[in-house]
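J.: got a structure for you, letters missing:
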């Protein structure tokens, strides 16, 4: 991330800073990885520590149905049940000790504040518009936006459309852009498929100087606890630093192409500890005269592979719907469906969009995932003649 400044801040950090009415402002260091990682300094109208009460904790631990998975699987995201409440709508489908991911289909805007106290969050807007309101400013979002929300950010989501759908990823490590695309100063390099102009910082809003009772739901260790604070959390008069939420639209990703098929790392958009996130976007196909645009069969020995299909027609798959998740476990060969390789030859362009997550440790499958699984996917690579024989053997 690059340095950003908004609102009013003192000329020197950790020094006296007062309002025009001669009242103290209260400084807060907002950062991660102790005092080593990137951070920002926030200046509050009121002390941000004024807890009035703490309610009981609600356990939201995902229920694991399959601890050790070796089978290819597909989950029908369109069948995930919407919920009124934003947090209730989060259905975790896949997880390991590094991350959790799934879908959220909230029907209503949040009437409370929320803070994830241990995970960075990536919300990909599959459908819908709205505003991510945070204590450092607002981000208006549309379909195709990635919302990167650092842990500890206090936020609300205001929905502007019906049928809003988010792909949700919670990471126990910070979410960054790939190191190979940055120089020693952190600047994105010329060969990066995106640049700093594509990353939009929050629009600063006037601080809320309000007292009363303000509910902040805090998530930590798979529990959500209700904290009541005495002052409005959006009372920040100014801030600066490198640590803040931002948005990036998938259609600002500039695909890297070649004469022959390029491997998945060219699509990488983000990374965390033990996982990467890739954006498959509309692009020219390979332009060698003998090129096969469809991906070659591969084993993904060291990682599982999850694809979330968000727009267009995915060339390498048969019978895929938008909002589907496919899971290909590490070590099990996968590749194009029957006929996909042949259909791809001679094609010049694709309009597909998908989010891919490759975790470097095996994923566990939740009960929520099994509710929406298509069990036929694991045998979907059979040739038609083999399928007929398989069907007869099961009669």
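T.: Great, that's in hand. Quantities reported herein were computed from a predicted structural model and do not represent experimental measurements.
J.: Run through the helices of the stretch 201-350 of the chain in chain order.
T.: In the stretch 201-350 of the chain, the helices defined using DSSP state H, counting those that start in this stretch lie at 340-344.
J.: In it, where is pLDDT below threshold?
T.: By pLDDT under 70, the low-scoring segments of the stretch 201-350 of the chain are 315-316, 318.
J.: got the contact list for stretch 133-141?
T.: Contact with stretch 133-141 is made by 6, 40, 42, 125, 128-132, 147, 149, 153-158, 200-205, 233-236, 239, 244-247, as judged by Cβ atoms under 8 Å, 6 or more residues apart in numbering. Any C-beta I mention is one placed from the backbone N, CA and C, and that applies to glycine too.
J.: What subset of these is buried?
T.: The neighbour count (16 or more other Cβ atoms under 10 Å) marks 6, 40, 42, 125, 128, 130-132, 147, 149, 153-157, 200-202, 204-205, 233-236, 239, 244-247 as buried among the contacts of stretch 133-141.
J.: gap between the closest residue to residue 332 other than its chain neighbours and residue 362?
T.: Sequence neighbours aside, residue 70 is the residue nearest to residue 332 in space, at 6.1 Å (criterion: Cβ to Cβ, 6 or more residues apart in numbering). Residue 70 sits 9 Å away from residue 362, going by Cβ to Cβ, to the nearest Å.
J.: neighbour-wise, which of these two wins?
T.: Comparing residue 70 with residue 362 by other Cβ atoms under 10 Å, the one with more neighbours is residue 362, at 15 against 10.
J.: if I look at the closest residue to that one other than its chain neighbours, how far off is residue 282?
T.: Leaving aside its sequence neighbours, residue 362 sits nearest to residue 304 (Cβ to Cβ, 6+ apart; 6.0 Å). Distance, residue 304 to residue 282, by Cβ to Cβ: 26 Å.
J.: okay, these two: which has more neighbours?
T.: Under the criterion of other Cβ under 10 Å, the comparison of residue 304 against residue 282 puts residue 304 first, with 22 against 15.
J.: Ramachandran coordinates for that one?
T.: Note on residue 304: its backbone torsions stand at phi -80, psi 160 [degrees, to the nearest 10].
J.: OK, contacts around it?
T.: Contact partners of residue 304, counting by Cβ under 8 Å, 6+ apart, are 327, 328, 329, 330, 358, 359, 362, 363.
J.: Now, of those, which are buried?
T.: The buried subset of those (16+ other Cβ under 10 Å) comprises 327, 328, 329, 330, 358, 359, 363.
J.: Out of those, which is nearest to residue 189?
T.: Using Cβ to Cβ, residue 358 is the member of the buried ones among the contacts of residue 304 that lies nearest residue 189, at 22.1 Å.
J.: List the contacts of the nearest residue to residue 173 once chain neighbours are set aside.
T.: Spatial nearest neighbour of residue 173, chain neighbours left out: residue 273 (3.5 Å); criterion: Cβ to Cβ, 6+ apart. Contact partners of residue 273, counting by Cβ under 8 Å, 6+ apart, are 98, 171, 172, 173.
J.: would residue 368 count as being in a strand?
T.: No. The assignment for residue 368 is helix, going by DSSP: H, G, I helix; E, B strand; the rest coil, so no strand is present there.
J.: And it, how far from residue 321?
T.: Relative to residue 321, residue 368 is positioned 18 Å away (Cβ to Cβ).
J.: right, and residue 215 touches residue 115 too?
T.: No. Contact criterion Cβ atoms under 8 Å: residue 215 and residue 115 do not qualify, at 11.2 Å.
J.: Could you check which of these two has the larger neighbour count?
T.: It is residue 115, of residue 215 and residue 115, that has more neighbours when counted by other Cβ under 10 Å, with 20 against 14.
J.: List buried residues within the contacts of residue 273.
T.: Listed as buried from the contacts of residue 273 are 98, 171, 172, 173; burial here means 16+ other Cβ under 10 Å.
J.: My read is that the last one contacts residue 272, right?
T.: Yes. Residue 173 is within contact range of residue 272, at 4.4 Å (criterion: Cβ under 8 Å).
J.: and the contacts of stretch 133-141, which of them are in strands?
T.: Of the contacts of stretch 133-141, the ones assigned to strands by DSSP state E are 6, 40, 42, 125, 130-132, 147, 149, 154-158, 236, 239, 246-247.
J.: The residue nearest to the spatial centre of the chain bridge partners, please.
T.: Closest to where the C-alpha atoms of the chain average out (Cα atoms, centre = their mean) is residue 122, at 2.5 Å. Residues in a beta bridge with residue 122, per DSSP bridges, are residue 148, residue 169.
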